[in-house]
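*Asks:* pasting the sequence and the predicted coordinates here, then a few questions.
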Amino acid sequence: MAAHPTPKKIRVQKCAGKVLASIFWDQDGILLTHYLPKSQTINAEYYSSPLVQVKDILTEKRRGKGHQGGLVLARQYPGSPRTCNPKETGIPGLPCLVHPSYTPDLAPSDYHLFPGLKKQLKGPHFLSNAEVIAAAETWWDGQPSEFFLSGLQKLEQRAKKCIELRGEYVE
């Protein structure tokens, strides 16, 4: 009889867990990144806090730049109907374009913002959530405003393609 090989011991390395963030951005860059505290879920109550912060950031950003009367349209992607009611989670005082059920081909963050970030974060071993957050923010801060603008410009073409395909995925 053949001897059984000795079992290999697996060493578990400490590493960062998952980091969930709500990211708000416009044609110039990241407006706000709000990180979900551990063991908390996204619901209307949680979501209202960063939305108020975004409204304040937009108000400050446009102060003195001739944007009075200009159209600011918030675009949001509702979560599960059990946890987020779009009527409860809009940015107070701003018209909101509520997106239909989640479609990644029409979510600028999914088709434009995150692929580059994923490439940047692939490979290094992060020991803490703080390291992951710092690496992500460093990458976002290094992107020129043209990067963010081009992601939003792609949305029109993708929306037209989605209409042509009657709601089927673009990619």
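*Replies:* The structure has been received and is ready for your questions. Residues are numbered from 1 along each chain as shown.
*Asks:* switch to C-alpha atoms for all contacts and neighbour counts from now on
*Replies:* Fine.
*Asks:* quick one: the helices in the protein, in order.
*Replies:* With helices called from DSSP state H, the chain shows them at 44-62, 86-89, 108, 114-121, 129-141, 145-164.
*Asks:* what's the most buried one of the ones you listed?
*Replies:* Greatest average neighbour count among these goes to helix 108 (a mean of 19), per mean count of other C-alpha atoms under 10 Å.
*Asks:* average pLDDT for it, rounded please.
*Replies:* In this model, helix 108 has a mean pLDDT of 87.
*Asks:* just checking, what packs against that helix?
*Replies:* Under the contact criterion of 3 or more C-alpha pairs under 8 Å, 6 or more residues apart in numbering; DSSP states H and E, helix 108 touches helix 145-164.
*Asks:* sorry, back to before: quick one: closest of the helices of the chain to K18.
*Replies:* Set against K18 and scored by C-alpha to C-alpha, the helices of the chain come closest in helix 129-141, at 7.5 Å.
*Asks:* okay, and the helix or strand of this structure with the least pLDDT?
*Replies:* helix 86-89 (a mean of 49; mean pLDDT, DSSP states H and E).
*Asks:* quick one: contacts for A21?
*Replies:* Going by C-alpha atoms under 8 Å, 6 or more residues apart in numbering, A21 touches 33-36.
*Asks:* now do the contacts for the residue nearest to it when sequence neighbours are not counted.
*Replies:* Spatial nearest neighbour of A21, excluding adjacent residues (C-alpha to C-alpha, 6 or more residues apart in numbering): Y35 at 4.3 Å. Y35 makes contact with 19-22, according to C-alpha under 8 Å, 6+ apart.
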